[in-house]
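> Here is a sequence with its predicted model. Questions after.
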Amino acid sequence: MVQWLDGLQQRSRAAGFVIAVVYKYIDDQGGYLAALITYYAFVSLFPLLLLLTTTLGVVLAGHPDLQQQVLETAVSQFPVIGQQLGQPQQLSGGTVAVVVGIAGALYGGLGVGVAVQNAMDTVWAVPKHRRPDPIRGRVRSLALLLVLGSAAIATTALAAIGRSAEFLGSWGKAGCVVAAVVINAAICLIAFRVTTTRKLTVRQLLPGAAVAAAVWQLLQWFGAAYVTRTVTTASAINAVFAVVLGLLAFLFLISVTLVMCAQINVVRVERLYPRALLTVFTDDVELTPADRRTYARKARAEQAKGFETIRVSYEEDADEGR
C-alpha cells in the first residue's frame, strides 16, 4: 500500500509538489525558523504601537477623530488585538514613550529582519560564507524596515478608504480588497528578494508572494471573526490571556506562511519534487533525484569558508562503483 501511494504521488505533479513543499519545510526545521521570527515580531509590536500613538498625539493634536481612525486602521492589520488596544489613550506618553518605543521597535524590528534573512538563506541553502555578517545583516534589516514601512502605510491608507467610504459600494470595497492583496503581494515579493543573499528574479519569487498575500488576507478575516466571537465575550482576566496567546498564534501563523511560501518558490525553482513518501521518516527508502538534490544542497549550505569543500555521496553510489 505504501509503495502504491508513493508511486501515485510521484506520478502526480500537483501531489508531488505539495508533499515536496511540506517535506522541505520539515527538512529546514521551518517551525523553529518561524518561531524566531514570531518572537522578534511580538517584541517589536507593542513598542511600535506605543511610538505610533505618541506620534499621532503630536502630529494630529486637536483631531481626535482622525487620530482614532488612523490608529484603528493600523491596528486592524492585526485583528487579534484590534479592540483591546484600539484606544490612543491606553498607549501614550511623552519623551519616555518615544525613547522606549524607538529602542524597542529597533531591537525587535532589526531582529525580525535578521531572523527573516536567516530563514530565507536557510530555505534557499545559501552557504554560510556567503551570508551577510552581523553588521551588514542589520543594515539590510534597517533598509527592509524602511521599504516595508512605506508599503505598510499605503496598505493602511487603502484599508482606511475601504472602511470609511460607504459610497464605494460592494464592488468598490471588493476592489479595495484586491488592491490590498496586490500591495501585500508586492511587499512579500520585496521581502523575499531583499532578505535572500541569492540573486533571484521577480518571476521566480512571484508565486510564493501571491500565495502569502492571499493567506495574509484570509488570516485578517478569520482573525477578526475570532476576536468578535471569542475574545470580546471573555471575562477581563481571560481576555488578557486570550489577546496575548491569540496574538502569538496570529504572528506564528504569519511567520509559518512566510517560510512555507518561500519553500514554494524554492521547490519550484530548484525542481525539488517529487520526493520519496517515507524519506523524512526512515533511511529504508529509495531516494528520488529530488531527494538527493535536497540533501546535497542542505549539506553544502554548511560551508563556512570559501576555501572549504563539501562533497556529498551516498552508500548506494559507492556500492555501484565497486
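Thanks, I have it.
> Could you list the low-confidence segments of the stretch 51-200 of the chain?
Applying pLDDT under 70 to the stretch 51-200 of the chain picks out residues 51-98, 100-101, 147-173.
> er, the stretch 201-322 of the chain actually
For the stretch 201-322 of the chain, applying pLDDT under 70 flags the ranges 223-243, 316-322.
> got the buried residues for stretch 16-33?
Residues of stretch 16-33 classed as buried by neighbour count (16 or more other C-beta atoms under 10 Å): 16-25, 27-28, 30, 33. Where C-beta positions appear, they are placed from N, C-alpha and C, glycine not excepted.
> residues in contact with A214?
V181 (C-beta atoms under 8 Å, 6 or more residues apart in numbering).
> can you give me the helices in the stretch 151-300 of the chain?
169-194, 202-229, 236-270, 289-300 (DSSP state H, counting those that start in this stretch).
> Generate CSV for those helices, with distance to W4 as supplementary columns.
Output for the helices of the stretch 151-300 of the chain, formatted as CSV (distance: least, C-beta to C-beta, whole Å):
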stretch, distance to W4
helix 169-194, 37
helix 202-229, 30
helix 236-270, 24
helix 289-300, 19
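> out of those, deepest packed?
Across those, averaging neighbours per residue (mean count of other C-beta atoms under 10 Å) puts helix 236-270 on top, at a mean of 19.
> Just name whatever secondary elements that helix is in contact with.
Judged by 3 or more C-beta pairs under 8 Å, 6 or more residues apart in numbering; DSSP states H and E, the packing partners of helix 236-270 are helix 13-27, helix 30-59, helix 95-123, helix 169-194, helix 202-229.
> switch to 7 Å and redo it
helix 13-27, helix 30-59, helix 95-123, helix 202-229 (3 or more C-beta pairs under 7 Å, 6 or more residues apart in numbering; DSSP states H and E).
> Next, the angle helix 289-300 makes with it.
Per axes from the mean of the first three to the mean of the last three C-alpha atoms, to 10 degrees, the angle that helix 236-270 makes with helix 289-300 is 110 degrees.
> What residues does L144 make contact with?
Applying C-beta atoms under 7 Å, 6 or more residues apart in numbering to L144 gives the contacts 113, 191, 194-195.
> hmm, try it at 8 Å
So L144 contacts 113, 116, 190-191, 194-195 (C-beta under 8 Å, 6+ apart).
> for those residues, which one is nearest R203?
For those, the minimum distance to R203 (C-beta to C-beta) is 14.8 Å, reached by I190.
> what's the spacing between that closest one and A105?
Distance, I190 to A105, by C-beta to C-beta, to the nearest Å: 20 Å.
> Also P132?
Distance, P132 to A105, using C-beta to C-beta: 21 Å.
> and if you look at L142?
11 Å.
> Next: V112.
Separation of V112 from A105 (C-beta to C-beta) stands at 10 Å.
> The two: which has the busier surroundings?
Ranked by neighbour count (other C-beta atoms under 10 Å), V112 and A105 place V112 first, with 25 against 21.
> doesn't Y40 make contact with the more buried one?
Yes. The criterion here is C-beta atoms under 8 Å, and V112 meets it with Y40 at 4.3 Å.
> re the thing from before, distance to S255 for the helices and strands packed on helix 236-270 - can I get that in JSON lines?
Formatted as JSON lines, the helices and strands packed on helix 236-270 follow (distance: least, C-beta to C-beta, whole Å):
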{"stretch": "helix 13-27", "distance to S255": "12"}
{"stretch": "helix 30-59", "distance to S255": "4"}
{"stretch": "helix 95-123", "distance to S255": "8"}
{"stretch": "helix 202-229", "distance to S255": "11"}
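> mind checking which of the ones you listed is nearest P274?
Between P274 and the helices and strands packed on helix 236-270, the shortest separation by C-beta to C-beta is 3.1 Å, and it involves helix 13-27.
> could you dump that closest one to PDB, C-alpha only?
Taking C-alpha atoms only, helix 13-27 is exported to PDB below (Å, rounded to 0.1, in the frame of the first residue of the first chain):
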ATOM      1  CA  ARG A  13       2.700  16.600 -10.300                       C
ATOM      2  CA  ALA A  14       0.400  18.500  -8.000                       C
ATOM      3  CA  ALA A  15       0.500  16.000  -5.200                       C
ATOM      4  CA  GLY A  16       4.300  15.500  -5.500                       C
ATOM      5  CA  PHE A  17       4.800  19.300  -5.400                       C
ATOM      6  CA  VAL A  18       2.700  19.800  -2.300                       C
ATOM      7  CA  ILE A  19       4.400  16.900  -0.500                       C
ATOM      8  CA  ALA A  20       7.800  18.200  -1.500                       C
ATOM      9  CA  VAL A  21       7.000  21.700  -0.100                       C
ATOM     10  CA  VAL A  22       5.900  20.200   3.200                       C
ATOM     11  CA  TYR A  23       9.000  17.900   3.400                       C
ATOM     12  CA  LYS A  24      11.300  20.800   2.600                       C
ATOM     13  CA  TYR A  25       9.700  22.800   5.400                       C
ATOM     14  CA  ILE A  26      10.300  19.800   7.700                       C
ATOM     15  CA  ASP A  27      13.900  19.400   6.500                       C
END
